[in-house]
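In: Starting from these lines, generate the structure:
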Amino acid sequence: MAKIHIVTDSTAYLPPEEIKRFGITVLPLKIIFSDKEYKETELDGVQFLDMIKKEFPKTSPPSLDEFWDVFAEKTADDGEVISIHLSSGLSETVQTAVGVTQMMQTGERISVIDSGSMGIGERLLVLTAALMAERGRSREEIVDVLNRKIATMRTIFIPSTLEYLKKGGRIGGAQALIGSFLQIKPVLNVVSGKVDILDKIRTTSKALQRMIHELPKDLSRYEVFSVHWHDKPGAEELQKMIMDNFENANVHIAELGPVIGVHVGPGLRGIFYAEKM
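Out: As a prediction, this is how the structure comes out:
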């Protein structure tokens, strides 16, 4: 059976030990300030927070050449590739990967997956694919499971400000909130990979309860994460609230990184959940 290689991008925020164990290839997104371009994997989170207070950067996907080189290497000797990336509603990474496969003679051995998600959702898909490949499952079987898992994934979050979503052009349906943010705490959804409004609440405590209200009643069938960017105490508070409200909840904490953080802003808290596969 042909070897299946797993490729992803830096917004999966995989720990080094997972990358090493499964031999995963990670293509970094770029963060561009007026005077310098950085690979996301080069940036320290605290240092980056100071940088974006002075200047709002642009972000860009891995280049065509980067994808071409990786795909060409991995499909040599009849190898196959599953390439899993940040939602196409938030980045052009998926479109770039698809464009490269369409130009390559070996493109029929490459499956590009739009995670419809960011951060922990993308990471879970990557680890699912890597484990299945390790167990000898075919590319087609793995892609089927990934697509079924994507259909069960959901992200709900509360930003501390809409400033970053607005500046980054990722605000989607939440655009309607501009001008009224000081009076409300918006609860936002990632729907089909794009940001939209779930509800408008007056206080943070009620907004947190509103997010919890969206969770399925039986969490034993789900992987659940309290997600944050530069607000670990807030994430721990949300984790405890979920576990206090659900007897069968096993809630982990996941932190976002620079590329996603620059679009959602520091102080974000959210919930991610997906069915176990």
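
In: Quick one: distance of stretch 263-274 to the chain centre.
Out: Chain-centre distance of stretch 263-274: 10 Å, with Cα atoms, centre = their mean, to the nearest Å.

In: Show me what the mean pLDDT comes to for it.
Out: The pLDDT scores in stretch 263-274 average 92.

In: Just the CA atoms from that stretch would do, formatted as PDB, please.
Out: Extracted C-alpha coordinates of stretch 263-274, given in PDB (Å, rounded to 0.1, in the frame of the first residue of the first chain):
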ATOM      1  CA  HIS A 263      -8.000  38.400  13.500                       C
ATOM      2  CA  VAL A 264      -9.900  37.700  16.700                       C
ATOM      3  CA  GLY A 265      -7.900  39.800  19.200                       C
ATOM      4  CA  PRO A 266      -6.500  39.100  22.700                       C
ATOM      5  CA  GLY A 267      -9.000  38.100  25.400                       C
ATOM      6  CA  LEU A 268     -11.100  35.900  23.100                       C
ATOM      7  CA  ARG A 269     -12.800  33.000  24.900                       C
ATOM      8  CA  GLY A 270     -14.800  30.300  23.100                       C
ATOM      9  CA  ILE A 271     -16.000  26.700  22.900                       C
ATOM     10  CA  PHE A 272     -15.100  24.100  20.300                       C
ATOM     11  CA  TYR A 273     -16.700  20.700  20.100                       C
ATOM     12  CA  ALA A 274     -16.900  17.800  17.700                       C
END
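
In: mind listing the helices for the stretch 151-277 of the chain?
Out: Remark: helices assigned in the stretch 151-277 of the chain by DSSP state H, counting those that start in this stretch are 163-168, 204-213, 232-245, 258-264.

In: Rebuild those as a markdown table, extending it with distance to Met104 and mean neighbour count.
Out: In this view, the C-beta of every residue, glycine as well, is placed from N, C-alpha and C. As requested, these are exported to a markdown table (distance: least, Cβ to Cβ, whole Å; neighbours: other Cβ atoms under 10 Å):
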| stretch | distance to Met104 | mean neighbour count |
| --- | --- | --- |
| helix 163-168 | 31 | 18 |
| helix 204-213 | 42 | 16 |
| helix 232-245 | 41 | 16 |
| helix 258-264 | 26 | 26 |
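
In: Do a quick rundown of the strands in the stretch 51-200 of the chain.
Out: Secondary structure of the stretch 51-200 of the chain (DSSP state E, counting those that start in this stretch): strands located at 58-60, 80-85, 110-114, 154-158, 185-191, 194-201.

In: Let me have these in a markdown table, adding mean neighbour count as columns.
Out: Formatted as a markdown table, the strands of the stretch 51-200 of the chain follow (neighbours: other Cβ atoms under 10 Å):
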| stretch | mean neighbour count |
| --- | --- |
| strand 58-60 | 17 |
| strand 80-85 | 26 |
| strand 110-114 | 22 |
| strand 154-158 | 22 |
| strand 185-191 | 21 |
| strand 194-201 | 18 |
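
In: which one of those strands lies closest to Arg123?
Out: Smallest distance to Arg123 across the strands of the stretch 51-200 of the chain (Cβ to Cβ): 9.3 Å, for strand 80-85.

In: Give me the pLDDT for Ile201.
Out: According to the prediction, Ile201 has pLDDT 89.

In: Now do it against Met1, distance only.
Out: 52 Å (Cβ to Cβ, to the nearest Å).

In: how far does stretch 147-164 sit from the chain's center?
Out: Counting by Cα atoms, centre = their mean, stretch 147-164 comes out at 8 Å from the chain centroid.
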